[in-house]
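In: need coordinates for the following:
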Amino acid sequence: MLITYRPEYSPPWVGEPHVTTLTLNRLSHKLAAQLAVKVTGGKALPKEVLGQIVVKTDGVPLFVEELTKTVLESGLLEERGDSYELSGPLPSLAIPSTLHDSLMARLDRLAPIKETAQIGACIGRNFTHELMAAISPLAEPRLTQALDQLVQSQLIFQQGAAPAATYTFKHALIRDAAYQSLLKSKRHQYHAKIAQALVERFSDIAETQPEVAAHHFEQSS
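Out: Residues are numbered from 1 along each chain as shown. Sure, this is the predicted structure:
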């Protein structure tokens with residue numbers, strides 16, 4: 001059995017003879033650079049861009065991945081054979097300094113489908129296509145297209161085929177970034193719609209998991 005936990009947690013099984021503890025440290029600069037190049041599909045990045053990615057991500061793997069994708073989507077680079085080159089001078093502050101800023105930059109560039117990510121974030125880390133369809137203002141097939149774009153951007157993962165598909169945000173921090181980008185009034189509206197849909201159209205969930213419906217009712221006020 002493999003169990004992961006954050007440093008602030010003190011598990012009771014540490015020290016047991018059948019337990020081996022492995023400490024996962026931050027990535028070295030070399031490993032962070034290798035991960036960034038993996039995200040580009042093996043295409044080399046300009047040294048100044050790669051250097052900023054390595055320094056600003058401070059060895060956090062998720063940040064390395066997301067910041068590299070942010071740079072690739074930013075329009076700062078041009079693809080030239082097996083490498084990328086800057087399309088012009090690298091502006092100061094062009095590369096976000098925090099994971100949250102990086103995630104928000106990626107969501108903002110997905111403006112047409114950003115609302116779909118935000119609704120999904122209100123539902124939770126995991127959500128179904130059916131519940132999303134009951135909340136989203138998008139009708140089919142536009143909703144499926146929006147979800148497909150989020151999957152292609154690797155912000156969410158998909159299991160199964162629509163309309164029976166289920167989706168999961170790649171990381172809780174991605175879900176949090178999408179959720180926090182909403183005005184409180186908008187969050188309340190979405191939670192109210194989700195709660196109403198659970199009671200009226202997904203009564204099996206409301207009956208077997210009443211705490212889920214209760215959560216959305218609470219967040220709607």
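In: and stretch 79-91, which residues are buried?
Out: Within stretch 79-91, the residues that count as buried by 16 or more other C-beta atoms under 10 Å are Tyr84. C-beta: built from backbone N, CA, C; applies to glycine.
In: quickly list the domain ranges of this protein.
Out: 29-103, 111-219 (automatic domain parsing).
In: I'd like to know how many residues surround the closest residue to Asp58 other than its chain neighbours.
Out: Nearest non-adjacent residue to Asp58, counting by C-beta to C-beta, 6 or more residues apart in numbering: Arg26, 6.4 Å away. Residues lying near Arg26 (other C-beta atoms under 10 Å) number 12.
In: is it true that Arg26 touches Val60?
Out: Yes. Using C-beta atoms under 8 Å, Arg26 is in contact with Val60, at 6.5 Å.
In: just name the shakiest helix or strand of the protein by mean pLDDT.
Out: helix 99-109 (a mean of 85; mean pLDDT, DSSP states H and E).
In: what packs against it?
Out: helix 61-73, helix 111-123, helix 172-180 (3 or more C-beta pairs under 8 Å, 6 or more residues apart in numbering; DSSP states H and E).
In: dump the ones you listed into TSV; add distance to Ile135 as well.
Out: Formatted as TSV, the helices and strands packed on helix 99-109 follow (distance: least, C-beta to C-beta, whole Å):
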stretch	distance to Ile135
helix 61-73	26
helix 111-123	5
helix 172-180	14
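In: for Leu62, what are its contacts?
Out: Leu99, His171, Leu173 (C-beta atoms under 8 Å, 6 or more residues apart in numbering).
In: check what pLDDT the last one gets.
Out: It refers to Leu173. At Leu173, the pLDDT value in this model is 83.
In: what's the nearest residue to it if we skip its chain neighbours?
Out: Closest to Leu173 by C-beta to C-beta, 6+ apart is Leu99, at 6.3 Å.
In: counting neighbours, what do you get for the one you found?
Out: Leu99 - counted by other C-beta under 10 Å - has 21 other residues nearby.
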